[in-house]
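# With the input below, show me the fold.
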Amino acid sequence: MKLLLKLGLIASLLITSSFAEKVYKLRIATTWGPTLSPLFDAAENMAKIAEEMSNGQLKIKVHASNRHKAPLGVLDMVKGGQYDLGHSASYYWKGKDIATLPFTSMPFGLTAPEQYAWFYYGDGLDLMQKVYAKHNVLSFPGGSTGVQMGGWFKKEIKTLEDLKGLKMRIPGFAGEIMAKLGVQVTNIAPGELYTALDRNNIDALEWVGPSMDINMGFHKVAPFYYTGWHEPASEMHFIVNKRAYKKLPKHLQKILKISMRVAAYDMYVQNYDMNAKAWEKMKKEYPNIQVKTFSKEIMAAMKKANSELRAELSAKSPELKEVLDNQEVFQKRTREWTKMSDYLYLKDNLE
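Residues are numbered from 1 along each chain as shown. Got it, this is the predicted structure:
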């Protein structure tokens, strides 16, 4: 009996040793080009953290969009198994599944801290897994841009009449809101945006914020920079093929999730720092930039259009309604604290 126990122990140690030495190689496809910081950085940081935490047992190869040639096809590639993981934003496939839309951002919705609280201490993460289950993938927060700016405009927008007939690049749900207000909405590839604005093919465009806008050069041709309303917390997402995930040992599954969570938050704070530095540079080199806020009349019309669109889409998708209703309840509760803390602190110290 003792001999059998000893043999069992030896066998167990050999199996454990062999198991610990096995290397698991995964690939992640991103929507971003290799120079698009901090979006592309998030995937690279995640891979680096996972490899270090696993002592090299988990190796993840990051492929930029110029490698796989399908920047908006990340969900399909991960779902189909061509890639094990992906890094993108859920509103890029709202045409495939409208219920995924709120997990990136909604107009007049949650701020980044509120949204992270919803994901990890509310129902957000569970609802996200429920929505993505039909696609055979898991989804996790992948880094936030925070509040995105409302866009660059060649002329000042004072009234609702100024929006009518305006040609603007603004995608997603916000684009549908603008269309209801009479804007001629278009979607143009990122590489063509500056040229379109410079040559008056469009009158305005929305991109992200100073951190990523500065390299695009929009501030050189459109002096009016409007504050945000449409994407208060644009959260990117890591998506993971379920089959690939289940093949990983439990400890590597945990390491992968921790790595994604750390990389996501790091992208948020990295982008915050980049925004501050970029805005400082913009102001210094282009003092003609004018920061504007949409009038109360325009904001009221945007909110009205937003409510109407939410109701229309919710009536068509019970899944979307469940997510939006859950977000709304969470937002009402947490917004009271946001007002008491961040808003009043800033109000008292900036005036």
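
# Just confirm residue 258 is within a helix.
Yes - Residue 258: assigned to a helix according to DSSP: H, G, I helix; E, B strand; the rest coil.

# okay, it: pLDDT?
In the prediction, the pLDDT value recorded for residue 258 is 98.

# repeat for residue 19
Note for residue 19: predicted pLDDT of 51.

# Use 38 as the first number from now on
Fine by me, first position is 38 from now on; the one you just mentioned is residue 56.

# Wasn't residue 185 part of a strand?
No - when the secondary structure is assigned by three-state DSSP, residue 185 falls in coil instead of a strand.

# Once you drop chain neighbours, what's closest to it?
In space, residue 185 comes closest to residue 268 once its chain neighbours are excluded; the distance is 4.0 Å by CB to CB, 6 or more residues apart in numbering. All C-beta spots, glycine's among them, are computed from the backbone N, C-alpha and C.

# who's in contact with that neighbour?
Contact partners of residue 268, counting by CB atoms under 8 Å, 6 or more residues apart in numbering, are 141-142, 144, 182, 184-185, 211.

# Let me know the closest of the residues you listed to residue 301.
Of all the contacts of residue 268, the one sitting nearest residue 301 is residue 182; the distance, using CB to CB, is 11.5 Å.

# now the closest one, nearest residue through space, not along the chain?
Closest residue to residue 182 in three dimensions, ignoring its sequence neighbours and counting by CB to CB, 6+ apart: residue 271, at 4.5 Å.

# Surely residue 294 is in contact with residue 179?
No - here residue 294 does not reach residue 179: they are 11.9 Å apart, not a contact under CB atoms under 8 Å.

# higher neighbour count, these two?
Summary of the neighbour comparison: residue 294 and residue 179, criterion other CB atoms under 10 Å, with residue 179 having more neighbours (27 against 16).

# Apart from its neighbours in sequence, what residue is nearest the more buried one?
Leaving out its chain neighbours, the residue that sits closest to residue 179 by CB to CB, 6+ apart is residue 273, at 3.9 Å.

# May I have the secondary structure class of the one you found?
Reduced to three states with three-state DSSP, the structure at residue 273 is strand.

# How many residues are close by the closest residue in space to residue 362 that isn't next to it in sequence?
Nearest-residue entry for residue 362: residue 351, 8.0 Å, with adjacent residues in sequence omitted and distances by CB to CB, 6+ apart. Residues within reach of residue 351, counting by other CB under 10 Å, total 17.

# Residue 351 is in what secondary structure piece?
Assessed by DSSP states H and E, residue 351 sits inside helix 333-353.

# So what's the residue count around residue 228?
Other residues within reach of residue 228, judged by other CB under 10 Å, total 9.

# That one: what secondary structure?
If you use three-state DSSP, then residue 228 falls in the helix class.

# could you measure it against residue 252, distance?
12 Å (CB to CB, to the nearest Å).

# circling back to that earlier point, return the closest of the contacts of residue 268 with respect to residue 369.
The closest of the contacts of residue 268, once distances to residue 369 are taken by CB to CB, is residue 144, at 16.2 Å.

# any chance you could read off phi and psi for the closest one?
Note on residue 144: backbone dihedrals following degrees, to the nearest 10 are phi -50, psi 140.

# Quick check: mean pLDDT of stretch 177-191?
If you average the pLDDT over stretch 177-191, you get 97.

# Quick check: end-to-end length of it?
Across its full length, stretch 177-191 reaches 38 Å end to end, with CA to CA, to the nearest Å as the criterion.

# in that stretch, what counts as buried?
Of all the residues in stretch 177-191, those buried under the rule 16 or more other CB atoms under 10 Å are 177-191.

# element containing residue 276, please.
Following DSSP H and E, one finds residue 276 within strand 272-278.

# Remind me what that strand packs against, helices and strands.
The helices and strands touching strand 272-278, judged by 3 or more CB pairs under 8 Å, 6 or more residues apart in numbering; DSSP states H and E, are helix 76-90, helix 111-117, strand 122-126, helix 149-158, strand 174-181, helix 287-322.

# try 7 Å this time
Strand 272-278 makes packing contacts with helix 76-90, helix 111-117, strand 122-126, strand 174-181 when contacts are defined by 3 or more CB pairs under 7 Å, 6 or more residues apart in numbering; DSSP states H and E.

# Just after it, pick out the following helix or strand.
Of the helices and strands lying after strand 272-278 in sequence (DSSP H and E), the nearest is helix 279-284.

# Do me a favour and average the pLDDT over that following helix.
When pLDDT is averaged over helix 279-284, the result is 98.

# just checking, next helix/strand downstream of the helix holding residue 351?
Past helix 333-353, further along toward the C-terminus, the next helix or strand under DSSP H and E is helix 355-375.

# Cool, thanks, signing off.
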